[in-house]
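>>> model the following, please.
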Amino acid sequence: MFSRLDSARKTIGFKLIFWYSAIFIASSLVLLFFTYFSLRVSIRQNDHKLIQSEMEDYIADFQIGGLSRLERALDEIKYKDTSSSDLFLVRLANSKNGTVFLSIPQQWPAPDLKQLEKDSAKNVMRWSDIPSNGIKNTYEVFTKPLSTSLILQVGRLTVNARELMAHFRAIFLQIMIPIFIIGFAGGLFLTFRALRPIRYLANTTRLIIDTGEISARVPAGKSNDELRELSRLFNTMLEKIERLVKGMREGLDNVAHDLRTPITRIRGTAEIALRSDDNPDNLKGALVDCIEETDRILTMLNTIMDISEAETGTMRLDLENVNISILISEIIDLYSYIAEEKNITIQTELHEGLTLVADRNRLQQAIANLLDNAIKYTPAGGAIDIQTVQEHQNIIARIKDTGAGIHPQELPKIWERLYRGDKSRSQRGLGLGLSLVKAIILAHRGHVEVSSIPGEGSIFTVYIPRKL
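Residues are numbered from 1 along each chain as shown. Okay, the predicted model is just below:
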């Protein structure tokens, strides 16, 4: 049981509940204490105003009619209604601190006269708290000299303020339990709501781990907060992983299918050589066929590895300044013989001086694959146009052919590994050329686009920044 409590104490949910409850309760207590002291100060200030107002009335009487007028005003206090709420303690003392006049409301306890006389003996204007005799109440007394021979003291019993503050403290203690309950319940509710996306995320992850079902997704909440964004990004990641796994499965199937043919040929050639006579020419021919098929397999595997390195950002690029127009001219020279055999015209519009920082061999490999495809799928008598141009900070190479074109449904798939469209299956190839082109261009922080009309031809456009 204690181990469970210790484990629960270490969870984020427990910490959130604890901190929310603690902050809520602490804030409520601070607010209540602030209200308590503000009310106490307000009551004290109100009492001071009443006492000072009463004091000003007596001072006015003294200034108008002197001591005789003040004594008449003080005598009137004795005849005040004792039930009135505006009752005051009034004391008039002479220069020797002798009591000339003293009025105390009948229902009030007597003040400590010694303390009262002690404050008047100082002959200075001041506020004092004078205790009462026998009862735990105090008087707030304002002492002010009227002249060199007279001192006036006016006070008020603080019993009403004490009763009000005592009532407030009782209410304060009564609402403490609801505050604790509300704080804990609020923390529990908000923590449950806040961590719900995390629970969905954990449940989805656990389901994927237990069942291997990558198609599972985290339920999207209605709120538009950071946790919903996290769920959305997690679902996007799962979608990419699912596509990657699906592509890997299809790729492995295609690799297995494409490897089966050359391996079968190698085996068949070897079996025929074993069953044949000892004619050296036959054995040599068998070995040559085996080497050709082996090279084809190695080329496929190396190309797949190059694509993987480029897609993961680990492809090593030997960067140098490359003149794109000169590079394309060299590639055209390599393929001119094949183009002449098919009676295909290669037209160029290559601007001079277009240089960029790139891996010369990799870039040559990518453009050569595009030109090879253009020649391969362009019928005899067709034409291929190659252009280079600079736009802003990009070098653009555009290869246009008058070949068979690509069906719109196949356009998104031509960049996939080992994908071969219906029209390309009649041609010899691995189905990796365009995947490698895209991977190399991406490694150079560029991109490649294609547009095609079936029966009219295709246009491949390569965008590469001049500087990486």
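>>> which stretches in this structure count as helices?
For the chain, the helices defined by DSSP state H occupy 2-9, 12-77, 113-121, 159-211, 226-275, 280-312, 324-341, 360-377, 433-443.
>>> and Gln387, which of those helices is closest to it?
Of all those, helix 324-341 sits nearest to Gln387, with 9.5 Å by C-beta to C-beta. (Each C-beta comes from the backbone N, C-alpha and C, glycine too.)
>>> so how far is that closest one from its chain's centroid?
Averaging C-alpha positions (C-alpha atoms, centre = their mean, to the nearest Å) puts helix 324-341 52 Å from its chain's average.
>>> which elements pack onto it?
strand 345-350, helix 360-377, strand 383-391, strand 394-401 (3 or more C-beta pairs under 8 Å, 6 or more residues apart in numbering; DSSP states H and E).
>>> rerun at 10 Å
Secondary-structure packing of helix 324-341 (3 or more C-beta pairs under 10 Å, 6 or more residues apart in numbering; DSSP states H and E): strand 345-350, strand 355-359, helix 360-377, strand 383-391, strand 394-401.
>>> right, and these - which one's nearest Leu157?
So among the helices and strands packed on helix 324-341, strand 394-401 is nearest, using C-beta to C-beta, at 90.8 Å.
>>> would JSON lines of the helices and strands packed on helix 324-341 with mean neighbour count be doable?
JSON lines is the format used below for the helices and strands packed on helix 324-341 (neighbours: other C-beta atoms under 10 Å):
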{"stretch": "strand 345-350", "mean neighbour count": "14"}
{"stretch": "strand 355-359", "mean neighbour count": "21"}
{"stretch": "helix 360-377", "mean neighbour count": "21"}
{"stretch": "strand 383-391", "mean neighbour count": "17"}
{"stretch": "strand 394-401", "mean neighbour count": "21"}
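>>> now do stretch 441-449: everything it contacts.
Contacts to stretch 441-449, defined as C-beta atoms under 10 Å, 6 or more residues apart in numbering, come from residues 306, 309-317, 319, 356-359, 362-363, 366-367, 370, 394-398, 415, 434, 437-438, 440, 459-465, 467-468.
>>> looking at the helices and strands packed on helix 324-341, which is nearest to Thr299?
That would be helix 360-377 among the helices and strands packed on helix 324-341, by C-beta to C-beta, at 12.0 Å.
>>> circling back to that earlier point, quick one: closest of the helices of the chain to Phe142.
Between Phe142 and those, the tightest spacing by C-beta to C-beta is seen for helix 12-77, at 5.0 Å.
>>> what's the angle from the closest one to helix 159-211?
Helix 12-77 runs at 170 degrees relative to helix 159-211, counting by axes from the mean of the first three to the mean of the last three C-alpha atoms, to 10 degrees.
>>> helices or strands up against helix 12-77?
Going by 3+ C-beta pairs under 10 Å, 6+ apart, helix 12-77 lies up against helix 2-9, strand 89-94, strand 99-103, strand 126-131, strand 138-145, strand 150-157, helix 159-211.
>>> can I get the ones you listed in TSV with mean pLDDT?
Shown next, in TSV, are those (pLDDT from 0 to 100):
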stretch	mean pLDDT
helix 2-9	53
strand 89-94	86
strand 99-103	83
strand 126-131	85
strand 138-145	88
strand 150-157	87
helix 159-211	78
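>>> dump these to TSV, plus distance to Cys290 and mean neighbour count.
Compiled in TSV, the helices and strands packed on helix 12-77 are given as follows (distance: least, C-beta to C-beta, whole Å; neighbours: other C-beta atoms under 10 Å):
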stretch	distance to Cys290	mean neighbour count
helix 2-9	64	9
strand 89-94	124	21
strand 99-103	130	16
strand 126-131	113	15
strand 138-145	114	21
strand 150-157	118	24
helix 159-211	44	14
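>>> dump those into CSV; add distance to Glu56 as well.
Putting the helices and strands packed on helix 12-77 into CSV (distance: least, C-beta to C-beta, whole Å) gives the following:
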stretch, distance to Glu56
helix 2-9, 64
strand 89-94, 13
strand 99-103, 17
strand 126-131, 15
strand 138-145, 10
strand 150-157, 10
helix 159-211, 22
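>>> in this structure, which residue is closest to the centre?
Nearest to the mean C-alpha position of the chain, by C-alpha atoms, centre = their mean, lies Glu226 at 4.9 Å.
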